[in-house]
Structures are given as C-alpha cells and as structure tokens.
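>>> turn this into a model:
(one chain, ligands or ions: 1)
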Amino acid sequence: MTSSPRPARIAILGSTGSIGRQALEVVRALPDRLEVVALAAGSDRETVLAQAQDLGVEVVGIGEADAVGLAGWEQADVVLNAIVGAAGLRASVAALEAGKVLALANKESLVAGGDVCARAAAEGGGTIVPVDSEHAALAQALSGVDRAAVGRIIITASGGPFRARADLSDVTPQEALAHPTWSMGPKITVDSATLMNKGLEVIEAHHLFDLAYDQIDVVVHPQSVVHGIVELVDGTMLMQAAPTDMRIPIQAALTYPHRLRADWGSFDPVALGRLEFDPVDRRRFPALDLAYDAGRRGGSFPAALNAANEVAVRGFLDGRLGFPDIWRVVGTVLDAHEGTPVLDVDEVMQVDAWARSQALRAIDELEVPV
Ligand SMILES: NC(=O)c1ccc[n+]([C@@H]2O[C@H](COP(=O)([O-])OP(=O)(O)OC[C@H]3O[C@@H](n4cnc5c(N)ncnc54)[C@H](OP(=O)(O)O)[C@@H]3O)[C@@H](O)[C@H]2O)c1
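Numbering: from 1, shown residues only. Presented below is the predicted three-dimensional model:
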C-alpha cells in the first residue's frame, strides 16, 4: 500500500490581493495536496482575518516585517510571494535564504534585486518557481532544453487597453484600469497599459533564465493565449499556450514539481480561431525601452526604474499625473541616476528610497495646478 504525500505547507504573502485570492481558490480545490499555514497582507486586517478563519489558518501577519518573518518560517515548505512592489523583496530573499520553494508573483523582487535574490538562493538553497504567466510558460518550454540550444525567448504582451489608440495624452485612470484580457490588481494593470509591465518582465526573465537582453524579445499577442515562446538555435519555436487564467500558473507553482488535474478551463483551438502576433509600437510605449536600457546598464538602474515607476503609477492613479507622465517621471529619475553596484538588500532599498524621492520631486515639478 502506498501512502499519499502529506500536503505542501504554504505561506501566502499578499493573500488579500488578486493573486492571493486566486491562490486561495487553488488551495480550496486541492485540499489533499495543499495546506495554508500562514497568511499575510499589507494593511487589510479584516479580509486576512476572515480568510484565516475560513481556512482554519492560525498564523496571520500584517505588513512587510511580518511577511519577511513568515517567508523564512520553518513550518512552511512553499512561500507564495504575491505582495505588490519592491515591498516584497525582503520576503523573497528571506524565503530563498531559508531554502524554500518561492512561488514568485512579485516580479519587482527580481527587477529591483535580481542579483541579491540569486545569491540568497545559492547560499540558502531556495528555488524560484515563477507565477507570472509568461515566465511560467517560458520555464516550461525551457525545461529539459540544453541552454546552448536556446537562441532567444519571446515574451508575449496583450498590448493592453491602448494597443490601437493613437493619442495617449488624455488617458484616464478608469480607462487604464480596464484591461482587455486579465483581471489584476491596480498597479500591474496600469503597468500593462504603459507596457512597463513587459519591461519589468524582460528584466525578470533576464534573471530567471540567465539570458542576455539581446536574447529577450517582446511581441504583442492580443488573444493572451500563447504566453511565451522559446526559439532554439535550429529555428524550432517552442510555444506554451494556456487559457487566460492565473489559477493555472499559480497551481503549477504551488504543486511544483507535480502537475495535478485542475478545472480552470481549457480551450478548443478551432473555436479560438486566429492567433495574432504584432510588433510593439515602441514610439507610443517608451516604457519598454526604458526598462531594456535600465536592465542593460544593470547595477542599481533596475531598482531605480522600479521605484520611480511605483511612485509615478500612484501619482497617475491619484490624479496628479497624466498617463504619459508616468514614463516621463521614470525617464527623469533614470537620467539623474548615477548607478552603483547593489550587493545586498539594504543597498537596493537605499536606491529604492532615493528614486522614490526623486520621482516625487519630478511629480511636483510636472503637476499643473487646477
Ligand atoms: N494580478 C495578476 O494577475 C498578476 C499576474 C502576474 C504577476 N502579478 C504580480 O503579483 C504581485 C501582486 O499583484 P496583485 O495584482 O495580486 O496585486 P494586488 O491585488 O494589489 O495585491 C497586493 C497584495 O500585496 C499586499 N501588500 C501590499 N503591500 C504590502 C506590504 N508592505 N507588506 C505585505 N503585504 C503587502 C496587499 O495587502 P493589502 O490588501 O492589505 O493592501 C495585497 O494582499 C505583483 O508583483 C504583480 O506584478 C500579478
């Protein structure tokens, strides 16, 4: 007789957000395989306590310090980092230093502190399993492929709500928050509209797959069905496709390395009909090249890019900035940045704080009194 494995014990950081809530749906669907042992949120006590009561979870954290403690907690096997922004970096590092499987939705960890995360994983034995749908797709396509056989990877982008809109100067927050294919938290939804999200994903892919920036391309694919493409040196293209549902990559990361039956939908290729692929209009969406440039310059540049973007997105959502001002603020901060090596989390967070203050100053200068 074989006994079934005990459920994986999971800490969910950012449980009250879009990814966090979908992760709880995955856990509820697989009660024999997944057990939540801890939940953490930023400030929404009411929701996180209701989630804990519902699932019988006894350990709950609020704020970054609690999330960091839970990330390294010995009772958890898998840490899902679904915190938004650079506030998630210390938790990612703590999980990797403690040897956990880090199911990583918080792409900002790798953008701001990619090298720091790599060192934490090497020293602590942790493993990053990407939750971002494109990186989950690419990791699957790359699995078992000799690295010397990889020519380049292609990250797909829906193109966001303004793919076909010529004039972006009068975009409102409400319009930017209406994503055509994915339902997500507000920050990533705005990042998807500016295409900064793809830029962050390019830097994320550079760190996850150890590829040069020249080997990472982005194409617009409005249907969001093909999530990533790996081109081998002989011309073979390995494409990963899945329904547009984040519960699929979340489940794959939480059950890693196993694949379990799921009921999150599937698609009929015939009913789907056409799949389109277009180039990115880099003139209308300069955020993508800002990110490539920061990534290529390396060191502290990606952390500065990320922090300036977080502040600019907040400024846009608060009505202080126009939509194109988001990339103008980021560009202004990067122009003023001198760049340093970043060797540990504290150094990353110093750059993060500097870039935030510069971005706030740039917003003050741009803001037109009404
Ligand atoms: N949503 C998606 O479909 C999707 C897809 C791919 C990747 N991602 C990535 O996943 C991450 C989360 O995205 P989301 O859309 O789920 O965001 P979201 O809906 O805004 O949720 C963010 C979560 O982070 C928590 N949080 C914020 N600041 C915190 C802090 N200082 N300490 C601890 N927790 C904190 C929030 O708690 P409160 O509710 O208490 O504020 C909330 O639970 C982002 O990095 C995003 O880029 C998301």
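>>> elements contacting whatever helix or strand residue 189 lives in?
Residue 189 is part of helix 186-194 when elements are defined by DSSP states H and E. When contacts are defined as 3 or more CB pairs under 8 Å, 6 or more residues apart in numbering; DSSP states H and E, helix 186-194 packs onto helix 173-176, helix 196-209, helix 301-317, helix 323-336. Any C-beta I mention is one placed from the backbone N, CA and C, and that applies to glycine too.
>>> can you name the residues of the stretch 1-150 of the chain sitting close to the ligand?
Proximity of the stretch 1-150 of the chain to the ligand (CB under 6 Å from any ligand atom) is limited to residues 14-20, 40-44, 63-64, 67, 82-84, 87, 105-108, 132.
>>> helix, strand, or coil at residue 363?
Recorded secondary structure, residue 363: helix (DSSP: H, G, I helix; E, B strand; the rest coil).
>>> how much space between the residue lying closest to residue 305 once chain neighbours are set aside and residue 288?
Nearest residue to residue 305, sequence neighbours excluded (CB to CB, 6 or more residues apart in numbering): residue 294, at 4.0 Å. Counting by CB to CB, to the nearest Å, the gap from residue 294 to residue 288 is 11 Å.
>>> higher neighbour count, these two?
Each of residue 294 and residue 288 has its neighbours counted (other CB atoms under 10 Å); residue 294 has more, 28 against 23.
>>> the helix holding residue 189 near the ligand anywhere?
Yes. Counting by CB under 6 Å from any ligand atom, the ligand is contacted by helix 186-194 at 187-188.
>>> show residues contacting that helix.
Applying CB atoms under 8 Å, 6 or more residues apart in numbering, the contact partners of helix 186-194 are 84-85, 157-158, 160-162, 171, 173, 176-177, 179, 182, 184, 197, 200, 285, 287, 309-310, 313, 316-317, 323, 326-327.
>>> quick one: mean pLDDT over the helix or strand hosting residue 134.
If you go by DSSP H and E, residue 134 is part of helix 133-142. Averaging pLDDT along helix 133-142 yields 98.
>>> for the ligand, give me its nearest residue in the protein.
The nearest approach of the chain to the ligand comes at residue 17, 1.9 Å away (CB to the nearest ligand atom).
>>> number of nearby residues for that residue?
Count around residue 17 with other CB under 10 Å applied: 24.
>>> same deal with residue 6?
Around residue 6 there are 10 other residues, counting by other CB under 10 Å.
>>> picking up where we left off before, residue 349 is nearest to which of the helices and strands packed on helix 186-194?
In terms of CB to CB, the element of the helices and strands packed on helix 186-194 nearest to residue 349 is helix 301-317, at 8.3 Å.
>>> against which helices or strands is that closest one packed?
Applying 3+ CB pairs under 8 Å, 6+ apart, we find helix 301-317 packed against helix 107-124, helix 173-176, helix 186-194, helix 196-209, helix 287-297, helix 323-336, helix 345-366.
>>> do it and the ligand come into contact?
No. Helix 301-317 lies apart from the ligand when judged by CB under 6 Å from any ligand atom; the minimum separation is 10.3 Å.
>>> so what's the gap between that helix and the chain middle?
Chain-centre distance of helix 301-317: 14 Å, with CA atoms, centre = their mean, to the nearest Å.
>>> please apply the same query to stretch 293-312.
15 Å.
>>> list the buried residues of that stretch.
293-295, 298-312 (16 or more other CB atoms under 10 Å).
>>> thinking again about what came up before, same list, the helices and strands packed on helix 186-194, but as CSV with mean pLDDT please.
Putting these into CSV (pLDDT from 0 to 100) gives the following:
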stretch, mean pLDDT
helix 173-176, 97
helix 196-209, 98
helix 301-317, 98
helix 323-336, 98
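>>> nearest to residue 53, out of those?
Across those, closest to residue 53 is helix 301-317 (CB to CB), at 31.2 Å.
>>> can I get the closest one in PDB? Just the C-alpha atoms.
Below are the C-alpha coordinates for helix 301-317, written out as PDB (Å, rounded to 0.1, in the frame of the first residue of the first chain):
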ATOM      1  CA  PHE A 301      19.400  51.100 -12.500                       C
ATOM      2  CA  PRO A 302      16.600  48.500 -12.500                       C
ATOM      3  CA  ALA A 303      15.900  49.200  -8.800                       C
ATOM      4  CA  ALA A 304      15.700  52.900  -9.600                       C
ATOM      5  CA  LEU A 305      13.400  52.300 -12.600                       C
ATOM      6  CA  ASN A 306      11.100  50.100 -10.500                       C
ATOM      7  CA  ALA A 307      10.800  52.500  -7.600                       C
ATOM      8  CA  ALA A 308      10.200  55.600  -9.900                       C
ATOM      9  CA  ASN A 309       7.600  53.600 -11.700                       C
ATOM     10  CA  GLU A 310       5.800  52.700  -8.500                       C
ATOM     11  CA  VAL A 311       5.600  56.300  -7.400                       C
ATOM     12  CA  ALA A 312       4.600  57.500 -10.900                       C
ATOM     13  CA  VAL A 313       1.800  54.900 -11.200                       C
ATOM     14  CA  ARG A 314       0.500  56.000  -7.800                       C
ATOM     15  CA  GLY A 315       0.700  59.700  -8.900                       C
ATOM     16  CA  PHE A 316      -1.300  58.800 -12.000                       C
ATOM     17  CA  LEU A 317      -4.000  56.900 -10.100                       C
END
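>>> since that was my last question, I'll sign off now.
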